[in-house]
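Peer 1: Okay, sequence plus prediction incoming.
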Amino acid sequence: MTNHTAHVRSPSPRFSFHGWLGLGLIAVFWPLNWLLAGPRTHWGFFPLWLGYCLSVDAWVLYRCGTSLLTRARQKYVGLFLISAPAWWLFEVLNWRLQNWHYLGRDLFSDLEYMLLASFSFSTVIPAVFGTAELMASFDFVRRVRRGPVIRANRGLTTICFVLGLAMFALMLAWPLYFFPFAWLSAFFIIEPINIWLGHRSLTDWTRHGDWRPVVALWLGVLMCAFFWEMWNFFAYPKWIYQIPWVGFLHIFEMPLLGYGGYLPFAMELYALYHLIVGLTGHKDTDYVRLAPEVS
């Protein structure tokens with residue numbers, strides 16, 4: 001049984017400089033992305049979301065006395081570097097699914113689009129993990145009761161891995177019916193691999209019935225989803241959705257039921273991150289802290 005450092009509140013908390021910098025970026029680039037005429041989000045998305053990431057990180061630091069950025073700056077930069085290829089995985093899947101499209105894509109060459117989009121995609125993981133840590137700092141998450149015990153035995157991991165492969169195959173074969181598996185299959189494939197290789201996985205908690213990290217990830221990604229969809233609504237270029245069967249009751253551009261896909265997406269990001277850092281020889285078992293303590 002391994003004990004990990006608990007969240008410790010600073011004895012004299014203050015909002016840090018990088019938090020004020022983040023709020024300043026939001027204050028500048030939010031109105032620019034909404035109010036300027038013509039294309040603007042291709043250069044305004046990254047600084048807006050960098051501002052979000054810095055602000056949330058500072059809020060975590062204020063509440064806990066520690067944060068992703070202050071624990072390890074190099075690892076924090078690494079979140080941005082890992083985030084872009086992680087999201088490109090879902091962009092590649094969307095070539096088959098065609099569930100979302102980008103208005104204004106035709107304004108850019110393929111190389112311009114790839115570079116500009118990669119800068120934007122680089123903010124996804126820092127935003128989700130930072131917001132998940134923020135959610136984990138609140139008492140209502142800390143007090144989440146013990147839930148079902150899920151242990152990482154070989155039988156269960158093998159079943160999950162095969163199920164993930166089956167979901168992936170069904171999604172590619174019949175995307176009209178099985179498009180939701182885009183937000184499930186990667187987790188079911190990658191999580192068993194992390195377990196087999198000894199990388200960090202969510203079963204490190206669920207084997208003790210501790211679901212606080214999962215709840216923190218879910219709440220964190222839903223908060224990010226709200227800002228993603230809200231800031232996208234009056235942006236240009238922007239994304240729009242064409243999701244079969246559920247295209248009703250929109251909140252901004254996203255159908256209400258579509259927000260459900262964000263929940264497994266957060267778990268996939270967590271699994272992808274630990275797969276990548278684990279393969280590079282860095283387990284990072286205590287970098288992303290999603291519970292006050294881990295048994």
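Peer 2: Structure received.
Peer 1: list the buried ones in the helix or strand V77 falls within?
Peer 2: When secondary structure is defined using DSSP states H and E, the element that contains V77 is helix 73-97. Of the residues in helix 73-97, 75-76, 78-80, 82-84, 86-87, 90, 93, 97 count as buried by neighbour count, 16 or more other C-beta atoms under 10 Å. C-betas here are computed from N, CA, C, even on glycine.
Peer 1: Let me see the mean pLDDT of that helix.
Peer 2: Mean per-residue pLDDT for helix 73-97: 96.
Peer 1: Downstream of that helix, the next helix or strand is which one?
Peer 2: strand 100-103.
Peer 1: Okay, now the unreliable bits of this protein?
Peer 2: Across the chain, residues meeting the criterion (pLDDT under 70) sit at 1-13, 292-295.
Peer 1: give me that answer again for 90
Peer 2: Counting by pLDDT under 90, the chain contains low-confidence ranges at 1-14, 145, 152, 246-247, 281-286, 291-295.
Peer 1: what ranges do the strands span in the stretch 101-250 of the chain?
Peer 2: 238-241, 250-251 (DSSP state E, counting those that start in this stretch).
Peer 1: Go through those and name the closest to N232.
Peer 2: Of all these, it is strand 238-241 that lies closest to N232, at 5.1 Å by C-beta to C-beta.
Peer 1: What is the closest one packed up against?
Peer 2: Contact here means 3 or more C-beta pairs under 8 Å, 6 or more residues apart in numbering; DSSP states H and E; on that basis strand 238-241 packs against strand 100-103.
Peer 1: switch the cut-off to 10 Å
Peer 2: On a contact count with 3 or more C-beta pairs under 10 Å, 6 or more residues apart in numbering; DSSP states H and E, strand 238-241 meets helix 41-64, strand 100-103, helix 212-233, strand 254-255.
Peer 1: So which bits of stretch 139-149 are buried?
Peer 2: Residues of stretch 139-149 classed as buried: V141, R142, V144 (neighbour count, 16+ other C-beta under 10 Å).
Peer 1: From what I see, the first one and M135 are in contact.
Peer 2: Yes. Using C-beta atoms under 10 Å, V141 is in contact with M135, at 5.5 Å.
Peer 1: got any residues that touch both of those two?
Peer 2: Counting by C-beta atoms under 10 Å, 6 or more residues apart in numbering, the common neighbours of V141 and M135 are R212, V215, A216, W218, L219, G220, L290.
Peer 1: Of those, which is the nearest to G22?
Peer 2: Proximity of these to G22, judged by C-beta to C-beta, is greatest for G220, which lies at 16.4 Å.
Peer 1: The closest one: neighbour count?
Peer 2: 25 (other C-beta atoms under 10 Å).
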